[in-house]
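Participant: got a sequence here, can you model it:
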Amino acid sequence: MSSEIEIAEVDEKGKIVLPYKVREKIGIHPYDKLIMGVKNNTLILTKQKRSVFDLQLKEVTSSTLKKALIFERSIDKAGKDFQSSYYSNH
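Facilitator: Numbers count the residues shown, from 1 in each chain. The predicted model follows:
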């Protein structure tokens, strides 16, 4: 397994732009989700498996895909809202 070193800079808002070579090698695309963790003071990023809608990209029209992604995001937001309210009440 070969490893290449790339440098990413953190901006004033804490955002990191992944270098093109890294995104290309791993296959990261806009709106992909990354799983993030820390182990032994090391940041670990793993690409989350794509959704069913992404896997069927060639078979889905762009308007249907857009609706599916909006629906997926609304589910994510609902989950985050639930977590937030649950933990603030407990």
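Participant: what about residue 45, how many neighbours?
Facilitator: 13 (other Cβ atoms under 10 Å). Yep, even glycine has a C-beta here, placed from its N, CA and C like the rest.
Participant: so it sits in a strand?
Facilitator: Yes - counting by DSSP: H, G, I helix; E, B strand; the rest coil, residue 45 falls inside a strand.
Participant: list the contacts for it?
Facilitator: Residues counted as contacts of residue 45 (Cβ atoms under 8 Å, 6 or more residues apart in numbering) are 34, 35, 36.
Participant: for the protein, give me the ranges with low pLDDT.
Facilitator: Regions of the chain meeting the criterion pLDDT under 70 cover residues 1-3, 50-63, 65, 83, 86-87, 89-90.
Participant: now residue 29, nearest residue through space, not along the chain?
Facilitator: Counting by Cβ to Cβ, 6 or more residues apart in numbering, residue 23 is the residue found nearest to residue 29 once chain neighbours are left out, at 7.7 Å.
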